[in-house]
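> 3D model of this:
(one chain, ligands or ions: 1)
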Amino acid sequence: MTRLTAPVLSPSAYQDTFAREHLPPPEQWPDFHFDLPELAYPARLNCVAELLDAAVARGWGERIAVIGASERWTYGELQRRVDAIAHVLRRDLGLVSGNRVLLRGANNPMMAACILAVLKAGLIAVPTMPLLRARELEAIAGKARIDAVLCSANLRGEIDALAGPVSHIVYFNAPGQPDALELRMARHTTPFAALDTAADDVCLISFTSGTTGVPKGTMHFHRDALAICDCFPRHTLASQADDIFIGTPPLAFTFGLGGLLLFPLRVGAAGVLLEKLTPDSLLAAIASYRATVCFTAPTFYRQMAPLAAGFDLSSLAKSVSAGEALPLATRDAWQAATGLCMIDGIGATELLHIFISAAGDDIRPGATGKPVPGYQACIIGADGALAGPGVIGRLAVKGPTGCRYLADARQLDYVHDGWNLTGDAYEMDADGYFYYRSRTDDMIISAGYNIAGPEVEDVLLRHPAVLECAVVGRADDERGQLVEAYVIVKPGVAADAALVRDLQDYVKAQIAPYKYPRAITFIDKLPRTETGKLQRFKLRAA
Ligand code: 3UK
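Numbering: from 1, shown residues only. So this is what the prediction gives:
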């Protein structure tokens, strides 16, 4: 359906008009709402001027902004590095405003400085995950028409292997190398004045960690980068200047970009940026950096829970789980191990960050929560009409951020009637709490019954033999689909026919028997994306 009000954009500050030209047509945009006073942004806005320059002007120059494995930069020091990199990009490389810069690096302070410099200079950041290969990078570089690359030296292999020509490639974290970014930066010691961008100039093209198909680029404005800071962390998480943020999501994933960089900067707090974290090393890092807020995925919490007793986690006040559904079994295990009541939150690359969540006394275990202040959500039933409490339907969301795919017909799938449809099947209760059931296309339909895989997984995860599991629908002649569980057993457990029967009986005793897994396959590893998401389609195809 076409809507009557088309969005009106303010004049762009960009010389290179690629981003504006490749936004979806206005009638395909979601509605945007700025219903909180803090979301009333001025028409000209550079998010890094706000997050960094304004922070220093406010007197936070000596506060710690980012912490890495071997460095600790104040807001002032981060600002000087960001300015030097911005000079390199604009003066040395001659990039013009609106050009796209591909970024490649793991979580570390230089990667953060590079992202901020790109935005401050009026260029558009295209961050990429460290594990991507040349083929995948080429697809992204082609689609976003990359003008330059900033790459961490230890990840240069795949960039050197790129087939297409990129005019500028600069390597960072490369001290001593002849053409390192660090050497170029040393020649620029003057402040860089942030480009006076329009609040609705695109600053970020984030490619979805999508499980299938050609990657989708989601386009976000300068104002969006601030809007996510002024919703979830401000209202739900209630983060403060003395917080120390830590966690695993890559900066190239908007979960990590917000949670480990933008959120701390917005309130004068610090973000710890560490590479290659394991459950063990993250616990050790929380203890040694005295972190107060942790962001990671449910499986990571599940793996950390049994190890937690060995670490001093007394500094940790808040733990945020996102990226995938949080099983109740995992919530309980983490709370038993640490005393912390997990803050679950659903976010999406299309919406930039978390839009439904709950913290503190508002947490209702089993529910993701309620719409974060600034956002609205509802459930759309099979008939396309609004569904009331107790009915499973498609989750629809709107707020200050929303989906704008870079030149992609799939915009029509994600946005309907001004609402963002995330692809999740959800249910609401009479109090307005939202309960995740499954991805819409992962709902298992077996012999006429609708079965949500995550519900069966949650039961299996409570069985003492189960380390991890995934439940999917396998095609079946008789039942349409068959409930199939893939199970990783705990060390020392015999994965045999007796255990299969035991697991099946265990499920039947706790939820409606028709939901029990008729097939159980024991495996060593579940297929996951770099952002920790289970790739159910790979299991279904197995
Ligand atoms: C799923 C969840 C249940 C859900 C993300 C926080 O995950 C993020 O973005 P992606 O684009 O994936 C979005 C999809 O992931 N999901 C995320 N969180 C939850 N399902 N409970 C949750 N708590 O299917 C959603 O549609 O990779 C998460 C912040 C920023 C993000 N980009």
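
> Identify the residue nearest the closest residue to the ligand within the chain in space, chain neighbours excluded?
The minimum distance from the chain to the ligand, using Cβ to the nearest ligand atom, falls at residue 347 (2.5 Å). In this view, the C-beta of every residue, glycine as well, is placed from N, C-alpha and C. Excluding its sequence neighbours, the residue lying closest to residue 347 (Cβ to Cβ, 6 or more residues apart in numbering) is residue 354, at 4.1 Å.

> so the one you found makes contact with residue 343?
No: contact between residue 354 and residue 343 fails when scored by Cβ atoms under 8 Å: they sit 9.1 Å apart.

> interface residues of the protein facing the ligand?
208-209, 254-255, 322-326, 344-349, 353-354, 368, 422-424, 436, 439, 531 (Cβ under 6 Å from any ligand atom).

> Which ones among those map onto strands?
344-347, 354, 422-424, 436, 439 (DSSP state E).

> which among these end up buried?
344-347, 354, 422, 424, 436, 439 (16 or more other Cβ atoms under 10 Å).

> ok, which stretches of the stretch 1-150 of the chain are helices?
Along the stretch 1-150 of the chain, counting by DSSP state H, counting those that start in this stretch, helices occupy 18-21, 47-48, 54-55, 75-87, 109-120, 134-143.

> Confidence-wise, which of those helices is weakest overall?
Out of these, helix 134-143 stands lowest, with a mean of 92 (criterion: mean pLDDT).

> How about residue 263: what's its closest non-neighbour residue?
residue 233 (4.3 Å).

> Does the one you found touch residue 269 like I think?
No: between residue 233 and residue 269 there is no contact under Cβ under 8 Å: 9.4 Å.

> shared neighbours of the two, which are they?
239, 263 (Cβ atoms under 8 Å, 6 or more residues apart in numbering).

> higher neighbour count, these two?
residue 233 (27 against 22; other Cβ atoms under 10 Å).

> Where do the domain boundaries of this structure fall?
75-222, 228-368, 375-399+418-446, 449-541 (automatic domain parsing).

> Which positions in stretch 280-292 come out as buried?
Residues 282-287, 289, 291-292 are the ones in stretch 280-292 that count as buried (16+ other Cβ under 10 Å).

> hmm, who's touching it?
67, 242-248, 272, 274, 277, 294, 296, 300, 304, 307-308, 310-313, 315-318.

> 7 Å - rerun?
The contact list for stretch 280-292 (Cβ atoms under 7 Å, 6 or more residues apart in numbering) reads 67, 243-244, 246, 248, 272, 274, 277, 294, 304, 307-308, 311-313, 315-318.

> And for stretch 245-262?
So stretch 245-262 is contacted by 51, 107, 111-112, 115, 127-130, 206, 209, 225, 228-229, 263-264, 269, 271-273, 277, 282, 285-286, 289, 291, 293-296, 300, 320, 322-323, 347, 349, 352-353, 530-531 (Cβ under 7 Å, 6+ apart).

> avg pLDDT for that stretch?
The predicted model assigns stretch 245-262 a mean pLDDT of 98.

> Among the contacts of stretch 280-292, which are located in helices?
residue 304 (DSSP state H).

> which of the contacts of stretch 280-292 count as buried?
Using 16+ other Cβ under 10 Å as the burial test, these include 67, 243-244, 246, 248, 272, 274, 277, 294, 304, 308, 311, 313, 316, 318 as buried.

> Identify the farthest-apart pair in those residues.
Greatest spatial distance among the buried ones among the contacts of stretch 280-292 (Cβ to Cβ): 67 and 308, at 21.8 Å.

> Kindly export stretch 268-283 (C-alpha atoms) in PDB.
Output of stretch 268-283 as PDB, limited to C-alpha atoms (Å, rounded to 0.1, in the frame of the first residue of the first chain):
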ATOM      1  CA  GLY A 268      30.900   9.600  29.000                       C
ATOM      2  CA  ALA A 269      31.500   6.000  29.800                       C
ATOM      3  CA  ALA A 270      34.200   3.600  28.600                       C
ATOM      4  CA  GLY A 271      34.100   0.600  26.100                       C
ATOM      5  CA  VAL A 272      36.500  -2.400  26.400                       C
ATOM      6  CA  LEU A 273      37.300  -3.600  22.900                       C
ATOM      7  CA  LEU A 274      38.900  -7.100  22.800                       C
ATOM      8  CA  GLU A 275      39.500  -9.600  20.000                       C
ATOM      9  CA  LYS A 276      38.900 -13.300  20.000                       C
ATOM     10  CA  LEU A 277      37.100 -13.600  23.300                       C
ATOM     11  CA  THR A 278      36.100 -17.000  24.600                       C
ATOM     12  CA  PRO A 279      33.700 -17.700  27.500                       C
ATOM     13  CA  ASP A 280      36.700 -18.000  29.800                       C
ATOM     14  CA  SER A 281      38.600 -15.000  28.600                       C
ATOM     15  CA  LEU A 282      35.500 -12.800  28.700                       C
ATOM     16  CA  LEU A 283      34.900 -13.700  32.300                       C
END
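
> how close does residue 373 sit to residue 37?
11 Å (Cβ to Cβ, to the nearest Å).

> same question, residue 146
For residue 146, the distance to residue 37 - Cβ to Cβ - is 38 Å.

> Nearest the geometric middle of this structure, what residue?
Centroid-nearest residue in the chain, with Cα atoms, centre = their mean: residue 255, separated by 2.6 Å.

> Where does the residue lying closest to residue 395 once chain neighbours are set aside sit, in terms of helix or strand?
Spatial nearest neighbour of residue 395, excluding adjacent residues (Cβ to Cβ, 6+ apart): residue 426 at 4.1 Å. Element membership for residue 426, per DSSP states H and E: strand 419-428.

> Quick one: the helices in the stretch 251-400 of the chain, in order.
Using DSSP H, counting those that start in this stretch, the helices of the stretch 251-400 of the chain run over 254-256, 263-267, 279-289, 298-304, 328-338.

> With distance to residue 22 as new columns, can those be given to me in TSV?
Shown next, in TSV, are the helices of the stretch 251-400 of the chain (distance: least, Cβ to Cβ, whole Å):
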stretch	distance to residue 22
helix 254-256	19
helix 263-267	28
helix 279-289	38
helix 298-304	35
helix 328-338	40
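
> Go through those and name the closest to residue 217.
Ranking those by proximity to residue 217 (Cβ to Cβ) places helix 254-256 first, at 12.2 Å.

> Figure out how far the closest one is from the centre of its chain.
Helix 254-256 sits 3 Å away from the centroid of its parent chain (Cα atoms, centre = their mean, to the nearest Å).
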